[in-house]
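Chemist: the sequence and its predicted three-dimensional model are supplied below.
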Amino acid sequence: MSQLKSQNNWIASKDAAEIGIVSVPIEGTKIKVRCAEAVAPLIAGFCKEFHELIEPIDEGQLDDWGWAFRNVRGSNDKLSNHSSGTAIDLNATKHPLGKVGTFPPEKVPMIRALAKKYGLRWGGDYKGRIDEMHFEIELGEAKVAALIGSLKLGDDNG
């Protein structure tokens, strides 16, 4: 198994199969997002609610991404959380990197509430360069598994 780690300390790899990357359908859309199988129920649940409560995840544009082996933008040595399949970008063309205020202000509290519910950190809350399209797992593996269980997500729980 790879010893590379993404910024959030999850195992990262150039080989999707090595770290269990799966393609997860987002309920209510035609979109599938590639992410680590261990976090897939959280990513899928978050995306479903984002689509219903924040804005539609547009289906006419390919601007929703998950796993991609790469460094953090602007870094030479820090692997992005996309490299471990623990980050997603949604509606990237509507919410470009570095642009602030791309969501209506009344939606921001719900974005934060959904991110918290699913164990995610929102790039719109970054202290440095804002990345409003970006959401990443901020929990370790044990806490992710516990959260999936408490939210009753995944194949066994419906």
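Modeler: Arrived safely. Computed from a predicted structure; not experimentally measured.

Chemist: show the pLDDT at residue 60.
Modeler: We have a pLDDT of 64 for residue 60.

Chemist: i'd like the first residue to be 192 from this point on
Modeler: OK, 192 is where the count begins now, so the last one is residue 251.

Chemist: so how many other residues sit close to residue 304?
Modeler: As a burial measure, residue 304 scores 12 neighbours (other CB atoms under 10 Å). The way it works is simple: take the backbone N, C-alpha and C, and place the C-beta from them, glycine included.

Chemist: helix, strand or coil for it?
Modeler: Recorded secondary structure, residue 304: helix (DSSP: H, G, I helix; E, B strand; the rest coil).

Chemist: any idea how far residue 212 is from it?
Modeler: Distance, residue 304 to residue 212, by CB to CB, to the nearest Å: 28 Å.

Chemist: next one: stretch 236-248 to chain centre, how far?
Modeler: Taking the mean of its C-alpha atoms, stretch 236-248 sits 12 Å from the chain's own mean (CA atoms, centre = their mean, to the nearest Å).

Chemist: what does it contact?
Modeler: Stretch 236-248 is contacted by residues 217-220, 222, 224, 255, 279, 281-282, 285, 294, 298, 301-302, 305-306, 308-309, 311, 326, 342, 344 when judged by CB atoms under 8 Å, 6 or more residues apart in numbering.

Chemist: among these, which ones are buried?
Modeler: Taking 16 or more other CB atoms under 10 Å as the criterion, what is buried in those is 217, 220, 222, 224, 255, 279, 281-282, 294, 302, 305-306, 309, 311, 326, 344.
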